[in-house]
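> Please work out how this folds:
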Amino acid sequence: MEINYLEITDDMTSEEIEKAIDEFLEEKKVLKKDSEKFKSPKHYQLEGLNVGSIEVIKSVLGQEGFKSFCKGNILKYLIRAEKKNGLEDYRKAKTYLDWFLKECGEHD
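This next block holds a predicted model:
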């Protein structure tokens, strides 16, 4: 039976958490190339792991949860764009839209 979630409990050590994340991501075949498609600054990389936080979020939330996460961020960046960062926020909204479409089976 395939496990579709990552279980982390309060009693786990940091080493056990890192190992669980590594094993889960390996099982899900989360590839670094997915994170390289979009800018992935070092502050989004998890220390000691060769993945970015977005891959962990996607793995923990599952496909439907990740799609909802993307929709929320699309709305956030579109709503604030004219009040805060303009074009930069529109680009961020597009990044989340691209991730959402990829989850829906749409490709570039």
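> By mean pLDDT, which helix or strand of this structure comes out lowest?
helix 32-36 (a mean of 43; mean pLDDT, DSSP states H and E).
> ok, and for the next helix or strand after that helix, which residues are buried?
With elements assigned by DSSP states H and E, the helix or strand that comes after helix 32-36 is helix 53-80. Residues of helix 53-80 classed as buried: 54-56, 58-61, 66-67, 69-70, 73-74, 77-78 (neighbour count, 16 or more other CB atoms under 10 Å). For the C-beta atoms, the positions are set from N, CA and C on the backbone; glycine is no exception.
> Can you pick out the most distant pair from those?
For those, the maximum inter-member distance is 26.1 Å, found between 59 and 78 (CB to CB).
> how about low-confidence regions in this protein?
The chain contains residues with pLDDT under 70 at 1-8, 14-15, 17-18, 21-22, 24-49, 106-108.
> now with 90?
Residue ranges of the chain with pLDDT under 90: 1-56, 59-60, 81-82, 84-87, 105-108.
> hmm, back to that, out of the buried residues of helix 53-80, flag the one nearest to residue 87.
Nearest member of those to residue 87, counting by CB to CB, is residue 77, at 10.9 Å.
> ok, and the closest non-adjacent residue to the closest one?
Nearest residue to residue 77, sequence neighbours excluded (CB to CB, 6 or more residues apart in numbering): residue 93, at 3.8 Å.
> how about the strand or helix carrying the one you found: buried residues?
Element membership for residue 93 (DSSP H and E) is helix 87-103. By 16+ other CB under 10 Å, the buried positions in helix 87-103 come out as 89, 92-93, 95-100, 102.
> can you redo the residues you listed as TSV with distance to residue 82?
Listed next are the buried residues of helix 87-103 as TSV, based on distance: CB to CB, whole Å:
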residue	distance to residue 82
89	8
92	14
93	12
95	18
96	18
97	18
98	21
99	23
100	22
102	27
